[in-house]
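A.B. asks: With the sequence up front, the predicted model follows.
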Amino acid sequence: MASRSGATAAHHIVALDEPANPWFTWDYVRDNSGDLQEALQQHVVLTVETIVIGLLIAFPLAILAHRYRLLAGPVLATTGALYTVPSLALFAFLAPYTGLTQRTVLIGLVMYALLILVRNILAGLEGVPPDVKEAAEGMGYSWSRMLWKIELPVALPAVMAGVRVATVSTVALVTVGVIVGYGGLGGLMLRGFQNNFYRAEIVTASVLTIALGLAFDVLLAWATRAVTPWSRNTARRSLVARLRGSSEEAAA
Amino acid sequence: MNLLGDAFVWLNDPLNWSGKQGVPFLTYEHLYISFFAVLIAAAVSVPTALALGHTGRGGGLTVVVSNVSRAIPTLALLTIFAATSIGFGNRATIIALAVFAVPPLLTNTYVGIRSVDRDIVEAGRGMGLSERSVLLRVELPLAVPLIAAGFRTAAVQVVATATLAALVGGGGLGRIITDGFGQQDRPQILAGGLLVALLALVTELALALVQRRVTPGEQRRRLPFPGRRAADPADGSDDPDAGPGAGGGAEERSVSVS
């Protein structure tokens, strides 16, 4: 009986305390700075690893598909099919084999990043104007020299656009890794949810994740400008063209 | 391979096909959540995009919306909505998923309207059509293929993302996976993954067929049909009509998987 009334009392306190579940407090940030730092670090590491490994796989694939036209269909179809698989399902396929490890999350993330990267690198390579290539051929450029000196530099803006989209998507996607215990800031979101809807925890982790994605995006935008100085003065495109362009850059 | 066999044993167990935890009910719940999420998103974004597209204003807004949405993790919205007075469960899930269905619908509808040949629009005006009629009887019908592409992207994305609802106490096929992880039941995890992947692929194919039906002859050949889209990546760049469809298809789904 006593415990029962205790439970009701506890209920009352919860009810009274309800306003005291603020969406954000600096107290939370201060008291949990260790956890936040750890989660943020895991998030950053997973994202950077994903993009680096993704690029290491995507470049050879895209160059192969570019060189041997017959391969383009299968390469893009495979990466595209991987992309249709929902992330939770992908981790479900991997986890029974690779275990509840950070590597499981990494493999899944790389698979998703591949589609964006391969498509963009390939679109960049295919986007070299034919007269430029003819001129290079006329000057006696070999296939490999054409690739290194003409095609890859011309493709660079498209590649960087792909890296930006892939990075921002990966930052958001890392959170799903929570299902195998390595979700970076996603771990804190779920912990906040399970911890009686601890709003400050959920919101802090969410805001940090979005900020991280945008920070990566800004950094990569600067990097793009740094590595493609020639594209700085290109004419402004119309809004509709930009809309089309952004979806093409992302997926073409 | 033994594990895969066990997953099929799980799928063949009649116990897993009955009741509120059974595959049929969870599939129904999954589709129900997805349907309402897309419906709400469409109710908000299609009229908005029609108005913006017709007046030619707000293009910047649609760019911003689709770019920002890519950075928002689904899990963040799911947990945030669950912590509001809406409470956790299917209602919070539907609202969270609707937010992610807005960008592809908004972008595709806007671009669809803007891509209509200005001469045709002027001809409509010349015939004395009111602005409303120009929008509803000239621009809208011509934009239908692109709007359909937007619906397909949004729906496939929502069906894929609805899986995550199970992480925050929602229903749907994701339950099988999360319960599997909870019970360390590896065959069940794998079986759940197979079911979810299958549902996503079936949705993609079904809506690709719908999109094909509503797209008239000439553009149809250039449609981002599964396989076809993949076969020719340059497709979007020279065809304004296939562009955003093909683009939206993959770009927006980057959000979906989160």
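C.D. replies: The structure has been received and is ready for your questions.
A.B. asks: The residue in the stretch 1-150 of chain A that chain B sits nearest to: which element?
C.D. replies: Using Cβ to the nearest Cβ, the closest approach of the stretch 1-150 of chain A to chain B is made by A:A92 at 3.1 Å. From N, CA and C alone the C-beta is placed, and that goes for glycine too. For A:A92, the element it lies in under DSSP states H and E is helix A:87-98.
A.B. asks: any low-confidence regions in the stretch 51-200 of chain B?
C.D. replies: Along the stretch 51-200 of chain B, segments meeting pLDDT under 70 span B:88.
A.B. asks: residue ranges for the helices of it, please.
C.D. replies: B:59-71, B:74-82, B:90-114, B:118-126, B:131-133, B:140-161, B:174-182, B:186-213 (DSSP state H, counting those that start in this stretch).
A.B. asks: got it, and the stretch 151-252 of chain A?
C.D. replies: Secondary structure of the stretch 151-252 of chain A (DSSP H, counting those that start in this stretch): helices at A:152-174, A:185-194, A:199-227, A:239-251.
A.B. asks: now could you export just the CA positions of the second one as CSV?
C.D. replies: The one in question is helix A:185-194. Provided in CSV are the C-alpha atoms of helix A:185-194 (Å, rounded to 0.1, in the frame of the first residue of the first chain):
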residue,chain,number,x,y,z
LEU,A,185,25.2,11.9,-31.6
GLY,A,186,22.3,9.6,-32.5
GLY,A,187,23.1,7.6,-29.4
LEU,A,188,22.4,10.6,-27.3
MET,A,189,19.1,11.3,-29.2
LEU,A,190,17.9,7.8,-28.4
ARG,A,191,19.2,7.9,-24.8
GLY,A,192,17.3,11.1,-24.3
PHE,A,193,14.2,9.5,-25.7
GLN,A,194,14.5,6.4,-23.5
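A.B. asks: Can you tell me which helices and strands it packs against?
C.D. replies: On a contact count with 3 or more Cβ pairs under 8 Å, 6 or more residues apart in numbering or on different chains; DSSP states H and E, helix A:185-194 meets helix A:33-67, helix A:199-227, helix B:74-82.
A.B. asks: Establish whether the first one and chain B are in contact.
C.D. replies: No. Helix A:33-67 does not reach chain B (Cβ under 8 Å from any Cβ of the partner chain); its nearest approach is 8.8 Å.
A.B. asks: For that helix, what is the distance to the chain centroid?
C.D. replies: The chain centre lies 8 Å from the centre of helix A:33-67; the measure is Cα atoms, centre = their mean, to the nearest Å.
A.B. asks: With the second one instead?
C.D. replies: For helix A:199-227, the distance between its averaged C-alpha position and the chain's averaged C-alpha position is 11 Å (Cα atoms, centre = their mean).
A.B. asks: Summarise which helices and strands that helix is packed against.
C.D. replies: On a contact count with 3+ Cβ pairs under 8 Å, 6+ apart, helix A:199-227 meets helix A:26-31, helix A:33-67, helix A:152-174, helix A:185-194, helix B:59-71, helix B:74-82.
A.B. asks: repeat that with 6 Å
C.D. replies: helix A:152-174, helix A:185-194, helix B:59-71, helix B:74-82 (3 or more Cβ pairs under 6 Å, 6 or more residues apart in numbering or on different chains; DSSP states H and E).
A.B. asks: next one: phi and psi at B:G169?
C.D. replies: phi 80, psi 10 (degrees, to the nearest 10).
A.B. asks: give me phi/psi at A:P22?
C.D. replies: phi -70, psi 160.
A.B. asks: Just the pLDDT for it.
C.D. replies: A:P22 carries a pLDDT value of 75.
A.B. asks: same question, the one 10 residues further on
C.D. replies: Predicted confidence (pLDDT) for A:N32: 80.
A.B. asks: likewise A:R244?
C.D. replies: According to the per-residue confidence, A:R244 scores 59 in pLDDT.
A.B. asks: same check, this time on A:W222
C.D. replies: Confidence at A:W222, expressed as pLDDT, is 90.
A.B. asks: what does the stretch 51-200 of chain B have sitting close to chain A?
C.D. replies: B:59, B:70-73, B:75-76, B:79-80, B:82-83, B:111, B:114, B:160, B:163, B:168, B:174, B:177, B:181, B:186, B:189-190, B:192-193, B:196-197, B:200 (Cβ under 6 Å from any Cβ of the partner chain).
A.B. asks: Generate JSON lines for the helices of the stretch 51-200 of chain B, with mean neighbour count as supplementary columns.
C.D. replies: Formatted as JSON lines, those follow (neighbours: other Cβ atoms under 10 Å in any protein chain shown):
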{"stretch": "helix B:59-71", "mean neighbour count": "19"}
{"stretch": "helix B:74-82", "mean neighbour count": "27"}
{"stretch": "helix B:90-114", "mean neighbour count": "26"}
{"stretch": "helix B:118-126", "mean neighbour count": "13"}
{"stretch": "helix B:131-133", "mean neighbour count": "11"}
{"stretch": "helix B:140-161", "mean neighbour count": "25"}
{"stretch": "helix B:174-182", "mean neighbour count": "22"}
{"stretch": "helix B:186-213", "mean neighbour count": "20"}
